[in-house]
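>>> Provided below are the primary sequence and the corresponding predicted coordinates.
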Amino acid sequence: MSSLGIPITPENYAVWYEYSVGTTLALNKAIDHRLNQGESFDPKINHQLYVTHIASQCTQALETAQEETWHVIQNLLYKIKHMSTGTEKFSHVLDNCQGTLADKPDISIISDLITNLIEETREIKQTNKEMEASLSTMNRVVDSLRSDMKSLSSIAMTDQLTGLSNRRSFDKTLQDLMTDYTQTHKPFSLLMIDIDHFKQFNDTHGHSIGDKVLAYVASALRDGVKGDDVVARYGGEEFAIFLPDTHYDGALAVGEHVRKKIAQKRLTLSARQKNLGKVTISIGVAVVNAEDDGFSLMERADKSLYQAKHNGRNQVVGERQLGAN
């Protein structure tokens, strides 16, 4: 990607990761054709590759799961109807037997009735066995579909480079926490985080090393929280942490903990023992209040982050410090 001048964005990374794996033949064919023709990969082409070969995979898989679910339901309804028809027939046979017995039939007629009842009983028993087998098969199919849908949901909400929640998941988490806050008034805090001088680091060491730094910071942030806390990659070199049921001082403490953890680590490339130096982060902290609509909370956290960078980076600034700076 670096040699072709392709920016390391989540979309582009997903495309070229899939290309390197080689499981999507149409994508590999499209990219190989452009490479062989010496054609460039401008932003329009990059986005088109993502929409056609990556995003459409989730859509196609979802449509397949929906179609299979429809077939399962139709098959189940057919089986139930077939079983119901057999039960009605058996009930009708019993009614006829009862009417025949009421007429005090001779032994030959009674023998025929018994033979007929045995046959009908065998049929209804067989129908029930088939129904049981069908339900067992359908249960396995439904379990498989449930697993597929869970995987699709996870893919759609996960950043492929870092394994963290992505921007879509960030938006949903914020909405869910805001809804919960309006109903229960249970507080939560938001930390907006930015890697200091990341562009300069990328320019010096290259995008592939930059990706490793992003993955390292993501891992450190994930390890620095616990419980119901949610870490997300907001975009580029920017991350976010949601801290449910956490007040201002607690949020500052978490921010300071992860900041120190990352700042104390000296990074090296194990393969070449190349010293990359230290990576630091700046953090802005805000806590939800009764006037917030989600966007306003993000705005205060962003302003706090900007203040932290303005103050010299590698520090945590809370919203209450904004007026003092």
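Happy to help now that I have it. On a predicted model such as this, the values are computed, not experimentally measured, just so you know.

>>> can you pull out the helices in the stretch 201-325 of the chain?
207-223, 248-263, 295-310 (DSSP state H, counting those that start in this stretch).

>>> nearest to residue 126, of those?
helix 207-223 (56.0 Å; C-beta to C-beta). Backbone N, C-alpha and C define where each C-beta goes, glycine included.

>>> ok, of the helices of the stretch 201-325 of the chain, where does mean pLDDT dip lowest?
Note on those: lowest mean pLDDT is at helix 207-223, with a mean of 90.

>>> for this protein, what helix or strand is lowest in average pLDDT?
helix 56-102 (a mean of 62; mean pLDDT, DSSP states H and E).

>>> could you dump the helices of the stretch 201-325 of the chain into CSV and include distance to residue 289?
Formatted as CSV, the helices of the stretch 201-325 of the chain follow (distance: least, C-beta to C-beta, whole Å):
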stretch, distance to residue 289
helix 207-223, 25
helix 248-263, 10
helix 295-310, 8
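
>>> want to throw those into a markdown table with mean neighbour count?
Formatted as a markdown table, these follow (neighbours: other C-beta atoms under 10 Å):
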| stretch | mean neighbour count |
| --- | --- |
| helix 207-223 | 17 |
| helix 248-263 | 18 |
| helix 295-310 | 19 |
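
>>> out of these, flag the one nearest residue 108.
Among these, helix 207-223 sits nearest to residue 108 (C-beta to C-beta), with 82.7 Å.

>>> what sits up against that closest one?
1-2, 8, 13, 159, 161-164, 193, 195, 198, 201-202, 231, 233, 237, 239, 241, 258, 261-262, 265, 267, 269, 276, 279, 281 (C-beta atoms under 8 Å, 6 or more residues apart in numbering).

>>> what's in contact with stretch 161-177?
Counting by C-beta under 8 Å, 6+ apart, 8, 10, 13, 156-159, 188, 190, 211, 214-215, 218-219, 221-222, 230-235, 239-240, 242, 244, 288, 294, 297-298 sit against stretch 161-177.

>>> and the residues you listed, which of them are in strands?
Taking DSSP state E as the definition of strands, the contacts of stretch 161-177 contribute 188, 190, 230-235, 239-240, 242, 244.

>>> what's the most distant pair in these?
235 and 244 (22.3 Å).

>>> so between the two, which is more surrounded?
When neighbours are counted by other C-beta atoms under 10 Å, residue 235 and residue 244 differ, and residue 244 comes out ahead with 17 against 14.
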